[in-house]
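Visitor: Based on what follows, work out the 3D shape:
(chains A and B)
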Number of protein chains: 2
Amino acid sequence: MTKYAIGIDIGGTNTRVGVVTQDGKCIDKKLIRTDDYNDVNLFVNDVSDLISILKDNLPDDSEIIGIGIGAPNGNFYKGTIEFAPNLKWKGIIPLADMLNKKTNLSTYLTNDANAAAIGEMQFGGAKNMKNFIFITLGTGLGSGFVAGGELIYGSTGFAGELGHTIIYQGGRKCGCGRLGCLETYCSATGIARTVQKKLFIDKRHSILRNINIDLIDSKSIYEAALFNDEIALEAFEYTGKILGLILANAVAVTSPEAIFLFGGLALAGDLIFKPTEYWMNYYMLNIFKNTVKLLPSQLPDNDAAILGAAAMVWKNEQK
Amino acid sequence: MTKYAIGIDIGGTNTRVGVVTQDGKCIDKKLIRTDDYNDVNLFVNDVSDLISILKDNLPDDSEIIGIGIGAPNGNFYKGTIEFAPNLKWKGIIPLADMLNKKTNLSTYLTNDANAAAIGEMQFGGAKNMKNFIFITLGTGLGSGFVAGGELIYGSTGFAGELGHTIIYQGGRKCGCGRLGCLETYCSATGIARTVQKKLFIDKRHSILRNINIDLIDSKSIYEAALFNDEIALEAFEYTGKILGLILANAVAVTSPEAIFLFGGLALAGDLIFKPTEYWMNYYMLNIFKNTVKLLPSQLPDNDAAILGAAAMVWKNEQK
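Guide: Prediction:
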């Protein structure tokens, strides 16, 4: 009997459902559009059908041991999605219970970054680590904190929102409704805002001026930086300096042995790693200096969220 | 056979050694001056002698099950005090091992704030809590973070240094050698610095002008505030606003059900609790609003460090 776990990655646009092996390989997956479903009941029906199809595709001696879901505003304790701004389903959605009733499979749910942190611990670069921080630099900044080998869920089940720590009072407007959150500076969207502002107040030449200012994204900034575009290079330095400071502060609280960077902006490699690492060490309290590695995530970019979601199943069902 | 634990509170000036019951009462204690000892070996000899005296004072059917030490820059994993700026013993001091060899008792060591956090969990207001933050507002700002029922020691054993997170780049000079650490604003010393600066740049009447500016401390500011002194009241508001913001940020990371305030400045009661609570809730991310209680520590002020140190023994020996 070969065992598999189902990993589900729910985003505002798409939902991906994958079959994951015990050693962290996604061997099959299906996609449906999240935003096609105004009614979450219909969504659960169709996801459940997808799981049946995926199961039927497996060899006869296969067993699915459970379902893991990574979702925005996911609450691990309750298995609920609560007031997710980017989903059509409003209020509190007991998604884990709903899927469990449909499929009879143990179902776990947490937010996407926490799921990915567990993925890094089960299958990636944090396999032998008890204390680390996982950071996703995508549209926002997501994070998962692991201490003593356990993900920190906190009393609410929502812990790990480093992206929504306020770093500048009265700073940039955040999607959460407040001002100055870290993710408005340090994320794929954040660096784009930095460049847009720079292009406006700074009259230097930049190849980024050839792009419609509203279409500038972290990828175009990365490409401009590869051509030594000063505005692009300074935007990476600026982003890395802020991120480095905040990571040094996070180290003072949980003292991880490593911090993993994942997501679109992390793919810029040295352009973002070098300034972040420099300033992290610059701002670090003495007793923590040289105790923390800044590493790229070892999860594959395209399947990370599915693997992370499935990793919760492997972690919890193996206990 | 009645069991007791020894709690040792090492400060720069004094060391207190106490006998603590399983329900958290310090029934006897002795004091020696830490700064009398240039040689840590002599200190260990005399502390060991004190423990013998304390033991001899107990009834015949008594057993001492272990020693807990709270010390500046204490490393829980190694049982060492490392590069403590306020102690005469330089470098890395394997104090837990040294005392264990002298006394044959299991010996645990961590920093003072972490010890007090464990004390709050074993004997105080956090008895039934799995997720909380403990903050001491004394000369500095110390903190202990508990997640899932376990104190966060991190990979180094030094985790929980919220006081040394940098909140203003280029801000106030800190004893750690860096600029802008939280404890330079939010601590008994921090509020005194705030008032000293206010008295210099602000020409309003204040009864605090009757005190030599270098002698102003959190107690005199508290007393002035009780007389509605504007400078003193604004200093509490200013301190509480910064602390509230940083606590809201800490909540986003570990999602505690309560935050306990302890130490000299916390004794100011509503003067510090009200602005801190107001601004903490003001700056809180939506999903965490109304999930966190701000509470005074329930550890007795005079014996808290001894109780906290002894609590480590009870926590670890009962496992």
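
Visitor: Next up, the contacts around the residue in the stretch 201-319 of chain A that chain B sits nearest to.
Guide: Per C-beta to the nearest C-beta, A:S255 is where the stretch 201-319 of chain A lies closest to chain B, at 2.4 Å. From N, CA and C alone the C-beta is placed, and that goes for glycine too. Counting by C-beta atoms under 8 Å, 6 or more residues apart in numbering or on different chains, A:S255 touches A:131, A:288, A:291, B:152-159.

Visitor: how about the nearest residue to it, chain neighbours excluded?
Guide: Using C-beta to C-beta, 6 or more residues apart in numbering or on different chains and skipping residues adjacent in sequence, the residue nearest A:S255 is B:G154, 2.4 Å away.

Visitor: What backbone torsions are found at that neighbour?
Guide: Taking degrees, to the nearest 10, you get phi 70, psi -180 for the backbone angles of B:G154.

Visitor: what do you get for A:D97?
Guide: According to degrees, to the nearest 10, A:D97 has phi -60, psi -40.

Visitor: Tell me the spacing between it and chain B.
Guide: In this view, A:D97 and chain B are 20 Å apart by C-beta to the nearest C-beta, to the nearest Å.

Visitor: what number of residues lie near that residue?
Guide: 15 (other C-beta atoms under 10 Å in any protein chain shown).

Visitor: That one against A:G79, yeah?
Guide: Yes: contact criterion C-beta atoms under 8 Å: A:D97 and A:G79 qualify, at 5.8 Å.

Visitor: what residues are shared contacts of those two?
Guide: Any residue near both A:D97 and A:G79 by C-beta under 8 Å, 6+ apart counts here, and that gives A:T107.

Visitor: From the contact counts, what lies against the helix or strand hosting A:I306?
Guide: Of the helices and strands defined by DSSP states H and E, A:I306 is found in helix A:304-317. Where contact means 3 or more C-beta pairs under 8 Å, 6 or more residues apart in numbering or on different chains; DSSP states H and E, helix A:304-317 is packed against strand A:2-10, strand A:14-21, strand A:26-33, strand A:62-70, strand A:107-110, helix A:112-123.

Visitor: Does at least one residue of the shortest one sit close to chain B?
Guide: No: using C-beta under 8 Å from any C-beta of the partner chain, strand A:107-110 stays clear of chain B, coming no nearer than 12.5 Å.

Visitor: now that strand, how far from the centre of its chain.
Guide: For strand A:107-110, the separation from the chain centroid amounts to 15 Å (computed by C-alpha atoms, centre = their mean, to the nearest Å).

Visitor: Can you tell me the strand partners of that strand and which way each runs?
Guide: With DSSP bridges as the test, strand A:107-110 is paired with strand A:62-70 (parallel).

Visitor: Hey, what's the angle from the strand it pairs with to strand A:14-21? Just curious.
Guide: 140 degrees (axes from the mean of the first three to the mean of the last three C-alpha atoms, to 10 degrees).

Visitor: Give the buried residues for strand A:62-70.
Guide: Of the residues in strand A:62-70, A:64-70 count as buried by neighbour count, 16 or more other C-beta atoms under 10 Å in any protein chain shown.

Visitor: a markdown table for the residues you listed, including pLDDT?
Guide: Listed next are the buried residues of strand A:62-70 as a markdown table, based on pLDDT from 0 to 100:
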| residue | pLDDT |
| --- | --- |
| A:I64 | 96 |
| A:I65 | 96 |
| A:G66 | 97 |
| A:I67 | 98 |
| A:G68 | 97 |
| A:I69 | 97 |
| A:G70 | 95 |
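
Visitor: In TSV, list those along with distance to B:N57.
Guide: Below are the buried residues of strand A:62-70 laid out as TSV (distance: C-beta to C-beta, whole Å):
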residue	distance to B:N57
A:I64	64
A:I65	59
A:G66	58
A:I67	61
A:G68	57
A:I69	60
A:G70	59
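
Visitor: I figured A:D112 hits A:G68, correct?
Guide: No: counting by C-beta under 8 Å, A:D112 does not reach A:G68; the two are 11.3 Å apart.

Visitor: Now do the shared contacts for these two.
Guide: In contact with both A:D112 and A:G68: A:G308, using C-beta under 8 Å, 6+ apart.

Visitor: Averaged pLDDT, stretch A:37-45. What do you get?
Guide: Averaged over stretch A:37-45, pLDDT sits at 96.

Visitor: of all the residues in the stretch 201-319 of chain A, which ones are close to chain B?
Guide: A:245, A:248-250, A:252-257, A:283, A:285-288, A:291.

Visitor: 6 Å instead?
Guide: Within the stretch 201-319 of chain A, the positions adjacent to chain B are A:249, A:252-255, A:257, A:283, A:285, A:287, A:291 by C-beta under 6 Å from any C-beta of the partner chain.

Visitor: what does the stretch 51-200 of chain A give?
Guide: Within the stretch 51-200 of chain A, the positions near chain B by C-beta under 6 Å from any C-beta are A:131, A:147-148, A:150, A:152, A:154-156, A:158-159, A:161-162, A:164-166.

Visitor: Any regions of the stretch 51-200 of chain A where pLDDT drops low?
Guide: Counting by pLDDT under 70, the stretch 51-200 of chain A shows no low-confidence range.

Visitor: Of all the residues in it, which one is nearest chain B?
Guide: For the stretch 51-200 of chain A, C-beta to the nearest C-beta, closest residue to chain B: A:G154, 2.4 Å.

Visitor: and that residue, how many neighbours?
Guide: Using other C-beta under 10 Å, A:G154 has 28 other residues around it.
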